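Novice: Kindly return the folded structure for what I paste below:
(one chain, ligands or ions: 1)
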Amino acid sequence: MSKTKVLFAAAEAVPFIKTGGLADVAGSLPYAFDRDQYEVRVILPCYTCISPRYRSKMKDVMHTVMHFNGRDRYLGLRELDLNGITFYFIDNEDYFGGSGPYTDYTYDIEKFTFFCKAVLAILPIINYQPDIIHCHDWHTGLIAPYLKTTLNWDPFYQNIKTVFTIHNLKFQGLCGRDFLCGISGLPWHLFAEGALCSGSGGNMMKGAIQFSDKITTVSDSYAEEIKTPEYGETMDGMLQWRSPDFCGIVNGIDYETFDPKTDPSLAVHYDIDTVAKGKAASKAALQKELGLAVEKDSFLIGIVSRLTEQKGLDLIIPALDRLTKKPCQFVVLGTGDYIYERTLQEYAAACPDRMKACLLYDEALSHRIYAGCDAFLMPSRFEPCGLSQLIALRFGTLPIVRATGGLKDTVIPYDKAGLNATGFAFENYDWGGIHWALDVALDTFLNHRRAWNAMRKNAMRQDFSWPSSAKKYEALYRDVLG
Ligand code: ADP
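Specialist: Reported below is the predicted structural model:
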């Protein structure tokens, strides 16, 4: 029996380029499929900012020109095999140059429209006909509309199915309607009738929701939430309409990359049997590295995150006042909105032995924070899945979360499950909620060590590795192929 051929299309994937959880999913999920039955390849933009370590190993596959936005443009394809998975890279330095994957929003719309068109254009040239193109987030939103409209006369494309995964509904690729119609070359009626626009603006993600054969998002709770006006970002009606073809599949993490027993970024290694000693040593090392007071009884709380409203920064900042007066310490690793960065920096400057703000992106330091902290704070306003709390669980660091989306599906709260819990959760997005959860966590850490230690082991026993999610995607692929 021939293998099912699946092509992942995404704007980022580890280890090549990462700004958030999308990269972890696109770069690690392909390895979790049953290799006897599925052959998964991945296609990404060939950003010039990808490390030379990888760029130097890429092989040129072909180059041509593609007519796009009024003129012929260079279109190259490069390829790299990484541990048995083929990664393709769409090359055009005008679009994919620069210091990061994303630039100015309008330019991003143009470059990812180019990417969508290019992904489809190269397939017949390299004679690769996937059974399914699995598209991720708005950057790939026009692939299904192209397949179902301008390309549907062509037998090469007619049997290709599409799956679209929403990693974050907040970002939809919104722009001017005439602009998107003009650059994409998609028929005007799609815009006039609303398939590719919301209100008077163009909307790339809406096109994917309308035209993909199946739609998924990254947790069950978020799948339910985004069918309501509160979380639906104006797509709730559309998602309700697509309900029969829409479901949640929770993300996983790569248990080899995130393993406190072998992690090369850590000076001290531990597993579930040595967690108490291992975490105590990791905590002391982290406190020393960050210049915090080295105190074993201070409650060390960590955050590794984009510093944006979504991640609950407007709850975290007022909580700092209270926390710095208690036996707590706080470390934040992240970049994001200037106002949050500045405020965090000011707090850290005011109490350097209790708080550290690392305003940068640093993978290795993030691992030491996951290992060295007692608790991990993630009070998101909304959270499609969240990977950071899964990584924290893996390292025996108890998450303190708001019960929303994937956080609700992956953290078992102490007030409901007692000794079977894996973390702390509050319901309402308000200061009362976060203060309550932080107080319960601190009290448990200080006064109920037996419960704390039991929860830490429960956390490490959870299995959020990729294989169980991959099984669900395999079932979905079987369903879509009939
Ligand atoms: P999102 O994708 O919404 O940003 P997730 O929790 O799904 O949030 O994924 C975030 C990922 O990015 C995690 O792997 C987290 O450790 C990582 N991350 C976020 N900010 C930083 C940072 N400043 N340095 C290192 N890793 C980071």
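
Novice: Please make it C-alpha for all contacts and neighbour counts, starting now.
Specialist: Will do.

Novice: what ranges of the stretch 151-300 of the chain fall below the confidence cut-off?
Specialist: Along the stretch 151-300 of the chain, the model assigns pLDDT under 70 to no residue.

Novice: And the strands in it?
Specialist: In the stretch 151-300 of the chain, the strands defined using DSSP state E, counting those that start in this stretch lie at 161-166, 174-176, 197-198, 201-203, 214-217, 246-248, 299-307.

Novice: With the stretch 351-482 of the chain instead?
Specialist: 355-358, 375-378, 398-402, 424-426.

Novice: looking at those strands, which is closest to residue 412?
Specialist: Judged by Cα to Cα, the one of these that comes nearest to residue 412 is strand 424-426, at 7.3 Å.

Novice: Walking through the stretch 151-300 of the chain, point out its helices one by one.
Specialist: 155-158, 177-184, 188-192, 204-211, 220-225, 236-241, 275-290 (DSSP state H, counting those that start in this stretch).

Novice: Longest strand of the protein, counting residues only.
Specialist: What stands out as the longest strand in the chain, according to DSSP state E, is strand 71-82.

Novice: which residues are contacting that strand?
Specialist: Strand 71-82 is contacted from outside by 46, 57-67, 86-92, 118, 122, using Cα atoms under 8 Å, 6 or more residues apart in numbering.

Novice: mind redoing it with 6 Å?
Specialist: Contacts to strand 71-82, defined as Cα atoms under 6 Å, 6 or more residues apart in numbering, come from residues 58-66, 86-92.

Novice: quick one on the thing from earlier: so which of the helices of the stretch 151-300 of the chain is the most surrounded?
Specialist: For those, average neighbour numbers computed from mean count of other Cα atoms under 10 Å are highest in helix 204-211, which has a mean of 26.

Novice: export the helices of the stretch 151-300 of the chain to TSV and tack on distance to residue 102?
Specialist: As requested, those are arranged in TSV below (distance: least, Cα to Cα, whole Å):
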stretch	distance to residue 102
helix 155-158	29
helix 177-184	18
helix 188-192	25
helix 204-211	16
helix 220-225	25
helix 236-241	27
helix 275-290	30
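
Novice: For the chain, what lies in contact range of the ligand?
Specialist: 20-22, 304-306, 333-335, 360-363, 366, 386-388 (Cα under 6 Å from any ligand atom).

Novice: Please flag which of those sit within helices.
Specialist: Among the residues of the chain next to the ligand, the ones falling in helices (DSSP state H) are 21, 22, 363, 366, 388.

Novice: The first one: neighbouring residues, count only.
Specialist: Read it as residue 21. Residues near residue 21, counting by other Cα atoms under 10 Å, number 20.

Novice: Excluding chain neighbours, what is closest to it?
Specialist: Excluding the flanking residues, the one nearest residue 21 by Cα to Cα, 6 or more residues apart in numbering is residue 387, at 6.3 Å.

Novice: what do you get for the last one?
Specialist: The shortest distance from residue 388 to any residue other than its chain neighbours is 7.2 Å, reached at residue 304 (Cα to Cα, 6+ apart).

Novice: re earlier: will you turn the strands of the stretch 151-300 of the chain into a markdown table that also has mean neighbour count?
Specialist: Converted to a markdown table, the strands of the stretch 151-300 of the chain look like this (neighbours: other Cα atoms under 10 Å):
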| stretch | mean neighbour count |
| --- | --- |
| strand 161-166 | 25 |
| strand 174-176 | 18 |
| strand 197-198 | 20 |
| strand 201-203 | 23 |
| strand 214-217 | 24 |
| strand 246-248 | 21 |
| strand 299-307 | 24 |
